[in-house]
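> kindly return the folded structure for what I paste below:
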Amino acid sequence: MSEIVTEKKKKIIEEKDLSSLIEIGINDINEDNKNKNSKKRLDSIDFVKGLAINLIVLSHLSDTWLSSEWRFLFAIGTAPLDIFGPSLFIMLSSLSVIFSIKKKQDLIPNKVIRNKILFRGIAIMLLGTTFNISLPREPIYDIVPFNIFPFTLFGWNILFFLGFTQIASYYILKLNIKVRALIGVLIIVLGPILRETIYYSIDAHPIFLWLNFFITSPVPQLPFFPWISICFISTVFGEFLYKMMTQNTENALIRLYKVFLISGIVFVISGIIIGFRLQTLSTIDINLYETVDWLAIANNQNFISFQFPGIPEFLIRSTISNSFYLLGFALVIMAISIYYIDIKGKKGIFNRMLIFYGKVSLTLFLLIFLLGFLFAAGLPLWFFLCVYFCVVGLLGFLMYIWKLFFKGIGTPEWIMEKISSISQKKKK
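A predicted model of the protein is given here:
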């Protein structure tokens with residue numbers, strides 16, 4: 001009798017153990033799925049990158065390929081479409097870095113994360129130096145030692161600045177979130193004033209010449225002040241983005257969309273209110289705000305008698321109002337993309353194509369820079385549009401084939417990935 005009871009107890013224990021194991025296994029699977037989903041990348045980021053790189057290419061090629069009688073369209077189109085320009089890429093770059101850091105914090109050592117970001121940032125900056133070598137130097141820097149290697153490598157072009165912000169975002173993230181937001185706003189407000197003060201004092205003392213060399217640089221496309229402010233403020237929204245992504249719910253994405261949209265609208269309105277005044281080449285210094293030249297280009301046309309009386313200050317890069325305006329539109333564009341791509345799931349053929357372009361945006365930018373030398377200001381409008389769509393379509397197709405069959409070997413994205421993996425293996 002006792003043997004029968006003992007046997008029954010064994011069966012009960014085994015059944016309990018089996019059910020416990022099954023329950024544990026199911027929980028582990030659910031947890032793994034939850035972790036995978038929580039670490040999912042937003043397709044909206046790549047979608048916005050893809051849209052932006054196509055418009056940047058359009059602007060860049062129209063500046064160099066359009067004939068003189070049609071070049072005024074470059075300025076008329078680029079001024080309002082600058083919201084898809086460098087400011088958007090800097091924000092997306094910072095958001096991606098923050099997301100990557102937060103995602104890997106509990107999985108790999110902090111030193112590995114730091115090294116991956118450092119290697120990636122330095123690699124992009126090195127690509128940027130090749131642009132600086134090919135660009136003409138400003139007259140004030142045609143003196144020793146600024147016109148001598150290695151000083152000729154330095155300049156705040158888009159690639160150099162993107163690489164720098166990759167590294168800066170890592171260290172800025174260590175600051176308190178409120179401190180970051182405050183510093184970002186202060187740089188927007190005080191940065192251009194400080195930059196102007198230094199620029200107009202370069203004859204007073206050599207130290208101002210050196211400060212101007214660093215802040216404005218011989219390539220004043222994206223001067224350190226106020227553009228570094230985007231990096232500070234982007235880390236604030238980057239943390240919020242990661243928090244909502246880890247929740248992995250539709251309500252979290254909707255909340256993310258609302259925060260980005262409302263914040264962006266506030267920034268845009270602030271920029272327009274501050275910078276509604278019209279500026280001309282006689283009211284603002286082109287050496288500090290080079291995009292005021294868009295006004296002269298826009299008015300250099302023979303089709304209509306109308307002449308633009310000025311360009312609104314919020315459309316002139318590096319002004320206080322322009323910083324608020326561009327930052328605001330970057331948030332608005334991200335919000336709209338999150339809503340349609342990630343919340344509504346609008347991923348048709350065209351949207352998937354832009355998402356792919358976003359994933360290879362750095363390669364496309366470099367290729368287009370090289371192709372810019374094919375034509376020299378000689379194409380009429382109709383032929384330019386045909387060539388533009390053909391070039392962009394062909395490059396996209398070739399990049400797709402290259403990634404599909406050759407895994408993107410040799411592209412900047414492939415190089416960045418290999419650098420990151422090497423730094424991680426060395427640490428292990």
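> when you work out contacts or count neighbours from here on, use the C-alpha atoms and nothing else.
Fine.
> my guess is Ser361 contacts Val48, does it?
No. The pair Ser361 / Val48 is not scored as a contact, 10.5 Å apart, by C-alpha atoms under 8 Å.
> so which of those two has more stuff around it?
Val48 (26 against 23; other C-alpha atoms under 10 Å).
> from Met244, how far out is the more buried one?
Separation of Val48 from Met244 (C-alpha to C-alpha, to the nearest Å) stands at 19 Å.
> so for the chain, which residue is the most central one in space?
Centroid-nearest residue in the chain, with C-alpha atoms, centre = their mean: Phe89, separated by 1.9 Å.
> is it located within a helix, as I assumed?
Yes. Assigned with DSSP: H, G, I helix; E, B strand; the rest coil, Phe89 falls within a helix.
> what's the mean pLDDT across stretch 321-328?
The average pLDDT for stretch 321-328 rounds to 96.
> starting at the chain centroid, how far to that stretch?
15 Å (C-alpha atoms, centre = their mean, to the nearest Å).
> list the buried residues of it.
By neighbour count on 16 or more other C-alpha atoms under 10 Å, the buried set for stretch 321-328 is 321-328.
> now swap in stretch 111-119 and tell me
112-119.
> okay, the residues you listed in JSON lines with distance to Leu394, pLDDT and secondary structure next?
Putting these into JSON lines (distance: C-alpha to C-alpha, whole Å; pLDDT from 0 to 100; DSSP: H, G, I helix; E, B strand; the rest coil) gives the following:
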{"residue": "Val112", "distance to Leu394": "38", "pLDDT": "83", "secondary structure": "helix"}
{"residue": "Ile113", "distance to Leu394": "36", "pLDDT": "84", "secondary structure": "helix"}
{"residue": "Arg114", "distance to Leu394": "37", "pLDDT": "86", "secondary structure": "helix"}
{"residue": "Asn115", "distance to Leu394": "36", "pLDDT": "85", "secondary structure": "helix"}
{"residue": "Lys116", "distance to Leu394": "32", "pLDDT": "85", "secondary structure": "helix"}
{"residue": "Ile117", "distance to Leu394": "32", "pLDDT": "88", "secondary structure": "helix"}
{"residue": "Leu118", "distance to Leu394": "33", "pLDDT": "89", "secondary structure": "helix"}
{"residue": "Phe119", "distance to Leu394": "31", "pLDDT": "86", "secondary structure": "helix"}
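> pLDDT below threshold where in the protein?
1-41, 144, 373, 375, 419-428 (pLDDT under 70).
> that one: strands as residue ranges?
For the chain, the strands defined by DSSP state E cover 278-279, 311-312.
> out of the ones you listed, indicate the one that is most buried.
strand 311-312 (a mean of 20; mean count of other C-alpha atoms under 10 Å).
> residues making contact with that one?
275-280, 292, 295 (C-alpha atoms under 8 Å, 6 or more residues apart in numbering).
> and stretch 342-357, by the same measure?
Contact with stretch 342-357 is made by 42-44, 46-51, 53, 250, 253-254, 340-341, 364, 396, as judged by C-alpha under 8 Å, 6+ apart.
> swap the cut-off to 10 Å and go again
42-54, 249-254, 257, 336-341, 358, 360-361, 363-364, 392, 395-397, 399-400 (C-alpha atoms under 10 Å, 6 or more residues apart in numbering).
> pull out the buried positions in it.
Of the residues in stretch 342-357, those with enough neighbours to count as buried (16+ other C-alpha under 10 Å) are 342-343, 347, 351-357.
> what's around Pro136, how many residues?
Neighbours of Pro136 (other C-alpha under 10 Å): 11.
> looking at the buried residues of stretch 342-357, which two lie furthest apart in space?
For the buried residues of stretch 342-357, the farthest-apart pair by C-alpha to C-alpha is Ile343 and Tyr357; their separation is 20.7 Å.
> contacting residues for Phe213?
Phe213 neighbours (C-alpha under 10 Å, 6+ apart): 140-141, 146, 151, 154-155, 198-199, 202, 207, 219-220, 223.
> how about a markdown table for the strands of the chain, with distance to Asp285 added?
Below are these laid out as a markdown table (distance: least, C-alpha to C-alpha, whole Å):
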| stretch | distance to Asp285 |
| --- | --- |
| strand 278-279 | 10 |
| strand 311-312 | 13 |
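> figure out which of the ones you listed is closest to Phe214.
Short answer: strand 278-279, nearest of the strands of the chain by C-alpha to C-alpha, at 26.3 Å.
> what is that closest one packed up against?
When contacts are defined as 3 or more C-alpha pairs under 10 Å, 6 or more residues apart in numbering; DSSP states H and E, strand 278-279 sits against strand 311-312.
> strands paired with the strand it packs on, and their directions?
strand 278-279 (antiparallel) (DSSP bridges).
> from the middle of its chain, how far away would the partner strand be?
28 Å.
> what's it in contact with?
285, 292, 295, 308-316.
> of those residues, closest to Val185?
Phe314 (16.0 Å).
> quick check: closest non-adjacent residue to that closest one.
Excluding its sequence neighbours, the residue lying closest to Phe314 (C-alpha to C-alpha, 6 or more residues apart in numbering) is Asn322, at 4.1 Å.
> surely that neighbour meets Glu313?
Yes. Applying C-alpha atoms under 10 Å, one finds Asn322 in contact with Glu313, separated by 6.9 Å.
> which neighbours do these two share?
Among the neighbours of Asn322, those also in contact with Glu313 (C-alpha under 10 Å, 6+ apart) are 271-272, 274-275.
> nearest to Leu162 among those residues?
Gly271 (23.3 Å).
> and that closest one, how far from Leu315?
9 Å.
> sorry, back to before: buried subset of the contacts of stretch 342-357, written for PyMOL?
Buried residues within these, by 16+ other C-alpha under 10 Å, are selected in PyMOL with:
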select buried, resi 43+44+45+46+47+48+49+50+51+52+53+54+252+253+254+257+336+337+338+339+341+358+360+361+363+364+392+395+396+399+400
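> take the contacts of stretch 342-357 and keep only those in helices.
43-54, 250-254, 257, 336-337, 358, 361, 363-364, 392, 395-397, 399-400 (DSSP state H).
> which residues touch stretch 57-65?
Contacts of stretch 57-65 (C-alpha under 10 Å, 6+ apart): 52-56, 70-75, 77-79, 81-82, 85, 364-365, 368-369, 371-381, 384-385, 387-389, 392.
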